[in-house]
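1. build me a structure from this.
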Amino acid sequence: MMTLVIADDHAIFRQGLRSLIQSAPDCSIAAECGRGDEALALIRQHRPTVVIMDISMPGLDGLSALQELRRSGDNTPVVILTTHDDPLMLERARCSGANAYVNKEYAFEELLDTLRRVADGTMLLGQRPITASGAGQSGLTDREREVLRLVACGMSNRLIGETLGISIKTVDNHRTNLMHKLGIHSTAELVRYAVKVGLG
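-> Just a heads-up that it's a prediction; the model follows:
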């Protein structure tokens, strides 16, 4: 039996998810909530098979909650729900450690199949290879590529430093080197470049 925690701040949508999931004989709902911080507490309490997490919630948004979960070493599969059809948001979800990313518009058709596929830890948002014509030929070091990937996730220098175990000053130096090597002058351009070359 697959147990689930649902985190979505829209009560009507959450009710629809509950009805869908309860119709499946192999699924049961352990708990549900409408805030990201509550979701973290419920995940730790119930240890569900899979978590369904809305990307936009009060208290702590879905991606921030997911990042906190992964930083704590918890690899519980997480399916992100969103109304955003945005490749940069998809990239952020993938970088944050989401197993899958489902648009709410299609959630009821896709969700049960997605839940079953990620229940064993499968990453439907897998790591993409760096293209030969992309960052691999830009003279970037492995550390610079890692910093670039985390910049594309929307992480601050402080979070990047904590994730990689380096100082904020070192992160800032890597960002300066990246911009110099790539001829880029803003964080937005760095993110676009990272997505273009498949760094993530």
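
2. show me how the protein divides into domains.
-> When the chain is parsed with automatic domain parsing, its domains come out as 2-118, 135-197.

3. ranges for the helices of this protein?
-> 11-22, 36-46, 62-71, 87-96, 107-118, 142-152, 157-164, 168-182, 187-197 (DSSP state H).

4. centroid residue for this structure?
-> A93 (2.6 Å; CA atoms, centre = their mean).

5. residues contacting it?
-> If a contact means CB atoms under 8 Å, 6 or more residues apart in numbering, then A93 has I55, L63, L66, I80, T82, Y101, L125 as its contacts. C-beta: built from backbone N, CA, C; applies to glycine.

6. which single one of these is nearest to I6?
-> Taking CB to CB as the measure, I6 lies nearest I80 of these, at 12.4 Å.

7. any idea how far the residue nearest to R143 when sequence neighbours are not counted lies from V147?
-> Spatial nearest neighbour of R143, excluding adjacent residues (CB to CB, 6 or more residues apart in numbering): H174 at 6.4 Å. In this view, H174 and V147 are 4 Å apart by CB to CB, to the nearest Å.

8. one more: I184?
-> Distance of I184 to V147, computed by CB to CB: 13 Å.

9. now do S156
-> 12 Å.

10. how many neighbours does the nearest residue to H185 once chain neighbours are set aside have?
-> Spatially, and ignoring its direct neighbours in sequence, H185 is nearest to M179 (6.4 Å; CB to CB, 6+ apart). M179 has 16 neighbouring residues, counting by other CB atoms under 10 Å.
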